[in-house]
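K.L.:
next input, structure requested:
(2 chains)
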Amino acid sequence: MIEFQEVHKSYRLKGVTKTILNKLTTRFPTGKNIGILGHNGAGKSTLMRLIAGAELPDSGRIKRNVKISWPLGFGGGFAGKMTGIENVRFVARMYGEDTERMVEFVEDFSELGPSMTLPIQTYSSGMKARLAFGVSMAINFECYLIDEVTAVGDRRFKRKCDEVFESKLKHANIIMISHSERTIKKLCDTACLLHEGELIMYDSVDEALAQHRENQLK
Amino acid sequence: MEGVITTQARVIGALVLRETRTAFGDTQLGYLWAVVTPTLSTLVLVFIFSTVGRAPAFGTSFALFFATGVFPFQTYSKLSNSLMTAISSSRGLLSYPLVKETDILLSKYILITLTYFMIIIVFFTTLVLFNDAPIPVRVEECGIAFFMLTLLGLGAGATNAVIFRLWPTWKQLEAIISRPLFFLSGIFYVPSDFPTDIVKLLSWNPVLHGIEWFREGYYGNYDSIVLDRTYLLTVATILLLIGFFGERLYRKKSIR
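P.N.:
Have a look, this model is predicted:
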């Protein structure tokens, strides 16, 4: 269960104030996969970082009692000068996981082969994405946060991602941002819509998508 | 749920190890450079000064006198300088919910302190082995003085980080302001060489007190005319309070 209590979040940049969340009180129910909809710049990624705890609200409280991942599909925490293996070890140490087990899992999953011993700065963006995906799949979270997973690698690798993901979904839930209606429909049970500082929870994905489409036309 | 402290200790440990790789990861000797560079560059300076025939302001060994000043000073300035930009340059790390700003500051503090601790041990052991210096008279005093200077550096660095976050120009200004400290901290001289009114001005500099403290510990008969341990401790405490309260105020609130 993730609960928002009177959460306010705004940004000020060069005198322009932008409100992302206006005194939001809501709960993200456990046991459901939730999609987050909203147009570009509505603050979906910020909302996700708030859920993760990677960013703090201006006021209000966020309560969580499940083990939540960092926003997935991001490799920003990787250090370019460190090798793939070293980056994996760093995350493992941080989360108190067995480092060698995790390295093995990621090596096996990401299929980077000998590149694992090279510094990350030599990787292509596809290779980095594979590594990032592998690292987050190596840890068992109760809730995975997914920020716009775009296609990673070739078709075979994509199938592999889907497989491991489905096995995770048996024991865990997701909260995801996606612009693809198909992905949301496929993976989510319900959805919410972030629009002009307000977050509205819908009972069904279709309802949320319909409202989202309507907002887009305005 | 496991304890907050064990989690943070684990995160800081992971960050320290990561830092040893990121700073020197692409060189052959890796982290060893962190120890080798300052040691060798000081040796070069000592060599130049000794060939010019410069006599130490205190004692018989120029190398010893210079080292008792320059290493404590470098410890402080390295801390105050690197901690300023530590958070902004590892912004990506903050996307891991487990990593807090203070963890980044503390892990860097731990690594720099340990590094300079090793440098000091290596350098002074070498001097003693080559009979250029006696063993320190009161090692524990040297240790406390060193620790106090690291706290001062942590406070200054954390405070710098807060100011830098609010006002990025501070990085350039700070470099200009802190440059003269090298000459104002008694690295080449003893304060008693100067007239009293100048000594009074110099004694505002907390780093000078740290160095004087270190020298009193090493020489045993140094008898500093300015040393005020409480003053150093007070300045360090004030800076630590400003730095960490400021950090709390702006934690994870800035824009990427």
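
K.L.:
so the residue minimising distance to the centre of chain A, which of the three states?
P.N.:
The centroid of chain A falls nearest to A:Ile146 when counting by CA atoms, centre = their mean (2.4 Å). Using DSSP: H, G, I helix; E, B strand; the rest coil, the structure places A:Ile146 in strand.

K.L.:
and the helix or strand bottoming out on mean pLDDT in chain A, what does it pack onto?
P.N.:
In chain A, no helix or strand scores lower on mean pLDDT, DSSP states H and E than helix A:155-169, which sits at a mean of 83. If contacts are counted by 3 or more CB pairs under 8 Å, 6 or more residues apart in numbering or on different chains; DSSP states H and E, helix A:155-169 sits against helix A:125-138. From N, CA and C alone the C-beta is placed, and that goes for glycine too.

K.L.:
what pLDDT does B:Ile255 get?
P.N.:
pLDDT recorded at B:Ile255 is 42.

K.L.:
quick check: closest non-adjacent residue to A:His171.
P.N.:
A:Asn140 (7.3 Å; CB to CB, 6 or more residues apart in numbering or on different chains).

K.L.:
from the middle of its chain, how far away would the least confident helix or strand of chain A be?
P.N.:
In terms of CA atoms, centre = their mean, to the nearest Å, the centre of helix A:155-169 is found 16 Å from the chain centre.

K.L.:
and stretch A:21-36, by the same measure?
P.N.:
For stretch A:21-36, the distance to the chain centre is 14 Å (CA atoms, centre = their mean).

K.L.:
wait, does it contact chain B?
P.N.:
No - between stretch A:21-36 and chain B, judged by CB under 8 Å from any CB of the partner chain, nothing touches; the nearest distance is 13.7 Å.

K.L.:
from the structure, what's the count of residues near residue 216?
P.N.:
The chain I'm using is chain A. A:Gln216 has 9 neighbouring residues, counting by other CB atoms under 10 Å in any protein chain shown.

K.L.:
oops, I was thinking of chain B
P.N.:
For B:Glu216, using other CB under 10 Å, the count is 21.

K.L.:
which helices and strands does the strand or helix carrying it pack with?
P.N.:
Applying DSSP states H and E as the criterion places B:Glu216 in helix B:206-219. Judged by 3+ CB pairs under 8 Å, 6+ apart, the packing partners of helix B:206-219 are helix B:62-89, helix B:139-166, helix B:181-184, helix B:229-250.

K.L.:
pLDDT weak spots in chain A?
P.N.:
A:73-76, A:149-153 (pLDDT under 70).

K.L.:
tell me which parts of it are close to chain B?
P.N.:
A:11, A:13, A:49, A:52-56, A:58, A:68, A:70-71, A:74, A:76-79, A:81-82, A:86, A:90-91, A:93-96, A:119.

K.L.:
and if we set it to 6 Å?
P.N.:
A:52-56, A:70, A:76-77, A:79, A:81-82, A:86, A:90, A:93-94, A:96 (CB under 6 Å from any CB of the partner chain).

K.L.:
can you select the buried ones among the residues you listed for me in ChimeraX?
P.N.:
To isolate the buried members of these in ChimeraX, using 16 or more other CB atoms under 10 Å in any protein chain shown:
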select /A:52,53,54,55,56,70,77,79,81,82,86,90,93,94
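
K.L.:
which residue, other than its chain neighbours, is closest to B:Phe62?
P.N.:
B:Pro56 (4.4 Å).

K.L.:
oops, could you answer that again for A:Lys18 instead?
P.N.:
A:Tyr11 (4.9 Å).

K.L.:
tell me how many other residues crowd that neighbour.
P.N.:
15.

K.L.:
just B:Ser41 next, same as before
P.N.:
Counted with other CB under 10 Å, B:Ser41 comes out at 12.

K.L.:
so it lies in a helix, does it not?
P.N.:
Yes - assessed with three-state DSSP, B:Ser41 lies in a helix.

K.L.:
for B:Leu166, see how far away it is.
P.N.:
When distance is defined by CB to CB, to the nearest Å, B:Ser41 is 34 Å away from B:Leu166.

K.L.:
does stretch B:84-92 come close to chain A?
P.N.:
Yes - part of stretch B:84-92 sits near chain A under the criterion CB under 6 Å from any CB, namely B:Gly92.

K.L.:
pull out the buried positions in that stretch.
P.N.:
In stretch B:84-92, counting by 16+ other CB under 10 Å, buried: B:Met84, B:Thr85, B:Ala86, B:Ile87, B:Ser90.

K.L.:
between those, which is closest to A:Thr25?
P.N.:
B:Ile87 (31.1 Å; CB to CB).

K.L.:
my read: that closest one touches B:Glu101, true?
P.N.:
Yes - counting by CB atoms under 6 Å, B:Glu101 is a contact partner of B:Ile87 at 5.3 Å.

K.L.:
so A:Lys185 sits in a helix?
P.N.:
Yes - looking at A:Lys185 with three-state DSSP, it is inside a helix.

K.L.:
surely B:Ala133 meets B:Phe62?
P.N.:
No - B:Ala133 is not in contact with B:Phe62 according to CB under 6 Å; the separation is 10.6 Å.

K.L.:
those two: who's more crowded?
P.N.:
Using other CB under 10 Å, the more surrounded residue of B:Ala133 and B:Phe62 is B:Ala133, with 23 against 19.

K.L.:
name the SS class of the more buried one, please.
P.N.:
Per three-state DSSP, B:Ala133 ends up coil.

K.L.:
what parts of chain B come near chain A?
P.N.:
Checking chain B against chain A by CB under 6 Å from any CB, the hits are B:10-11, B:14, B:18, B:21-22, B:25-26, B:92-93, B:95-98, B:252.

K.L.:
tell me the buried residues within the residues you listed.
P.N.:
B:10-11, B:14, B:18, B:21-22, B:25, B:93, B:95-98, B:252.

K.L.:
let's have those in TSV, adding pLDDT and secondary structure.
P.N.:
Shown next, in TSV, are these (pLDDT from 0 to 100; DSSP: H, G, I helix; E, B strand; the rest coil):
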residue	pLDDT	secondary structure
B:Arg10	95	helix
B:Val11	95	helix
B:Ala14	95	helix
B:Arg18	91	helix
B:Arg21	82	helix
B:Thr22	80	helix
B:Gly25	62	coil
B:Leu93	88	helix
B:Ser95	83	helix
B:Tyr96	88	coil
B:Pro97	87	coil
B:Leu98	89	coil
B:Lys252	59	coil
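
K.L.:
widest-spaced pair of the residues you listed?
P.N.:
B:Gly25 and B:Lys252 (26.9 Å).

K.L.:
retrieve the pLDDT associated with B:Met1.
P.N.:
50.

K.L.:
run through who's touching stretch A:67-85.
P.N.:
A:48, A:52, A:87, A:103, A:116-121, A:128, A:131-132, A:136, A:141-147, A:149, B:21-22, B:25-26, B:92-93, B:95-97 (CB atoms under 6 Å, 6 or more residues apart in numbering or on different chains).

K.L.:
check stretch B:202-216 too.
P.N.:
So stretch B:202-216 is contacted by B:68-69, B:72, B:76, B:142, B:145, B:148-149, B:152, B:184-186, B:191, B:222, B:224, B:226-228, B:231-232, B:235 (CB under 6 Å, 6+ apart).

K.L.:
return a ChimeraX selection command for the buried portion of the residues you listed.
P.N.:
In ChimeraX, this line selects whichever of the contacts of stretch B:202-216 come out buried by 16+ other CB under 10 Å:
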select /B:68,69,72,76,142,145,148,149,152,185,186,191,222,224,226,227,232,235
